[in-house]
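> next one to model:
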Amino acid sequence: MSVNPPQLRFCVVGHSFLTSDLLQAGHVQVTLNDAPEMVILGVTDSVVEQQLEALADVLRPNTIVLNHCLALAPEVSGCLDIAVLPQQRGCAVCTFDELGAVVAELLLQPLGVPVTQVAAEDWPQTQALVAWWLVFSAVADEQARGLCEFFAPALRDVRTIAAVEKLMGGGKLYRLGVDFLDGVSG
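Residues are numbered from 1 along each chain as shown. Purely as a prediction, here's the structure:
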C-alpha cells in the first residue's frame, strides 16, 4: 500500500522555479489571505528581509518557508525554514535543522527532483556555484536566462563575486561569466 504525500496549500511571493511541479503534484496555489501552509519566497536578496517583515502577520507557527534567495535568509521564528536553489540536476537544499531536511525530501522527491543536502557552513560555496551555473546555462537556455535575470542583483553581490573568484581563480571562464552577466543586468 503506497502512501500519498499530503497536498499543501502554497503561496508564491515573487517567482518560483518549482510552481508548475508543485501544481502537477496536486498541491494548491493560494493567496497570502488564504492561510497557506507553505510560503515560497522567490524574491531577490535585497528585499528578502523586507518581505519577511511584511509577512510577519501571515506566517503562522509551523508554516513551511521555502527560500529561493541566493543568500541564506534569516531564520523565521516558529516556521520551518528551507533554502532551495536550482542545480543542473535537481535542487540544493539547506535547512536549519533535521526536521527541515526531512520535510524538504518529502516535498521534493514526489516532484522527481533530486535533492542535495548542503550544510549551512557550505552554503556560500553552493550559492556561488549555483550563481555561475545559472550564468553559463543562460548562454544557451532561455529558461535559465530568465532565472539569471531574476538572480542578477544577487549575482553582482560583492560576497557572491568574492566566493566565485576564490572558486574559479578569476581566470578566463570567470571573466566570460562577468561579461555575460554585465550584458544581462545591463
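
> strands along this structure, start to end?
Applying DSSP state E to the chain gives strands spanning 9-14, 28-29, 38-42, 64-67, 80-87, 90-95, 115-117.

> turn those strands into TSV, including mean neighbour count, distance to Gln125 and mean pLDDT.
Placement of C-beta: from N, CA and C, glycine included. Converted to TSV, the strands of the chain look like this (neighbours: other C-beta atoms under 10 Å; distance: least, C-beta to C-beta, whole Å; pLDDT from 0 to 100):
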stretch	mean neighbour count	distance to Gln125	mean pLDDT
strand 9-14	20	24	91
strand 28-29	15	33	96
strand 38-42	23	22	88
strand 64-67	22	18	88
strand 80-87	23	12	84
strand 90-95	21	10	86
strand 115-117	15	12	87
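
> distance to Ser20 for these - can I get that in TSV?
Shown next, in TSV, are those (distance: least, C-beta to C-beta, whole Å):
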stretch	distance to Ser20
strand 9-14	11
strand 28-29	10
strand 38-42	12
strand 64-67	15
strand 80-87	13
strand 90-95	14
strand 115-117	18
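
> okay, now the unreliable bits of the protein?
1-5, 44-46, 70-77, 132, 134-186 (pLDDT under 70).

> show me it divided up by domain.
Domains of the chain are assigned by automatic domain parsing as 9-118, 123-185.

> doesn't Asn67 make contact with Ser16?
No - contact criterion C-beta atoms under 8 Å: Ser16 and Asn67 do not qualify, at 10.3 Å.

> follow-up on the earlier one: closest one to Ala131 among the strands of the chain?
strand 80-87 (8.8 Å; C-beta to C-beta).

> show me what the closest one is packed up against.
Where contact means 3 or more C-beta pairs under 8 Å, 6 or more residues apart in numbering; DSSP states H and E, strand 80-87 is packed against strand 64-67, strand 90-95, helix 98-108, helix 123-138.

> identify whichever of those lies nearest to Gly42.
With C-beta to C-beta, the closest approach to Gly42 among these belongs to strand 64-67: 8.5 Å.

> how about the helices and strands packed on strand 80-87, which one is nearest Asp34?
Asp34 sits nearest to strand 64-67 of all those, at 15.0 Å, using C-beta to C-beta.

> perfect, that will be all.
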